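J.: Any chance you can model this:
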Amino acid sequence: MKTTHPSLQSLRLAATPSAARRTPRQSFGSAMHQGLVGATRVAQQGLAVAAPALPGGFVASAALAGLSGPSLPVSAANPQLQGQRDLVQLQTDSSLQLIALQQRIQEETRAFTMTSNVLKARHDAAKNAVGNMR
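T.: This is a model prediction of the structure:
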């Protein structure tokens, strides 16, 4: 003989048949992939906006463009890509010229300082000699 608790006798369980799933199944991997593709696209767009203000920013923009797939054919015949290469070469040449100019200015500064020190020492020696004669 089965005995049940008196409060459980009035409890009824209603069961309904399960319904078909309304939302499509999506795996965690595909959700992560979509998130990474979206983040890459946002970073690429942000870098494309900031590239003109950053030195060499277009190189990073081109690298990010490679992550989402080549939007430009990578060949020397592409005028945009060739223009970017020319700009990189121009920036490199300008940097080297500036470094050479800085080195020349430093050499001139050293020579001026040395000459100034020699003349000051000569002047001080002459002044002391005159002062010793008195």
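J.: Burial check on Gln84, number of neighbours?
T.: 17 (other Cβ atoms under 10 Å). For the C-beta atoms, the positions are set from N, CA and C on the backbone; glycine is no exception.
J.: Which strands or helices does the longest helix anywhere in the chain pack on?
T.: For the chain, the helix that runs over the most residues, judged by DSSP state H, is helix 79-133. Judged by 3 or more Cβ pairs under 8 Å, 6 or more residues apart in numbering; DSSP states H and E, helix 79-133 is in contact with helix 57-67.
J.: which SS class is Arg21?
T.: State at Arg21, reduced to three classes by DSSP: H, G, I helix; E, B strand; the rest coil: coil.
J.: any idea of the pLDDT on it?
T.: pLDDT recorded at Arg21 is 74.
J.: so where's the chain shaky on pLDDT?
T.: 1-11, 13-14, 47, 52, 56-78 (pLDDT under 70).
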